[in-house]
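[1] no sequence on hand, only this structure:
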């Protein structure tokens, strides 16, 4: 790949987004002089510099390098990959993963009767969204007891401690969407 292609892509993207060299410099913490030199093919950017510029432009490294990038992930029913789960009685399957631009993780969890997240609270940084597709789920969120039935949804903000259990006699099917 030729360096001038990268400079040309950066310049085209910057102009398309209506940014001046100075505005891009402020957003990326890369000097306007350095960006100008890259755009004119006078200088080759380091990976860190290119990553900073890409982030400021809202573009991936792959896009700036001119590589084709998949912008979607299709997961067929029979192609779901298992996700490690520390919860007893839970089968968790990824519904879409493996992309550098992924901002959340969708998981389908099949919870056997009596399945539970454990004695302690899940206290992670990030947000979680739970949707009961079938069955029922008991959730204890930040000390509040929240029984969920089929069709009920629960959004848990960043850092909210919670735990769950399937106290019903049947399987519970749960869609869990988490931010990394």
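    Arrived safely. Note that the structure is predicted; figures quoted are calculated from it, not measured.

[2] skip ahead from the longest strand along the chain and say which helix or strand is next.
    The single longest strand within the chain, with elements called by DSSP state E, is strand 105-116. In the C-terminal direction, the helix or strand that comes right after strand 105-116 (DSSP states H and E) is strand 128-134.

[3] what helices or strands is that next one leaning on?
    strand 144-149, strand 153-156, strand 172-178 (3 or more CB pairs under 8 Å, 6 or more residues apart in numbering; DSSP states H and E). Placement of C-beta: from N, CA and C, glycine included.

[4] what mean pLDDT does that strand have?
    For strand 128-134, mean pLDDT rounds to 96.

[5] what lines up beside it in the sheet?
    strand 153-156 (antiparallel), strand 172-178 (antiparallel) (DSSP bridges).

[6] next SSE after that strand?
    strand 136-141.

[7] beta partners for residue 88?
    Residues in beta-bridge contact with residue 88 (DSSP bridges): residue 116.

[8] could I get the buried residue list for the helix-or-strand element of the chain with minimal mean pLDDT?
    Every helix and strand of the chain was ranked by mean pLDDT, DSSP states H and E. The lowest is helix 61-64, at a mean of 80. Across helix 61-64, burial judged by 16 or more other CB atoms under 10 Å covers 63-64.

[9] how far off centre is that helix?
    18 Å (CA atoms, centre = their mean, to the nearest Å).

[10] next one: stretch 58-68
    Worked out by CA atoms, centre = their mean, stretch 58-68 lies 18 Å from the chain centre.

[11] ok, residue 91 - contacts?
    82, 85, 109-110 (CB atoms under 8 Å, 6 or more residues apart in numbering).
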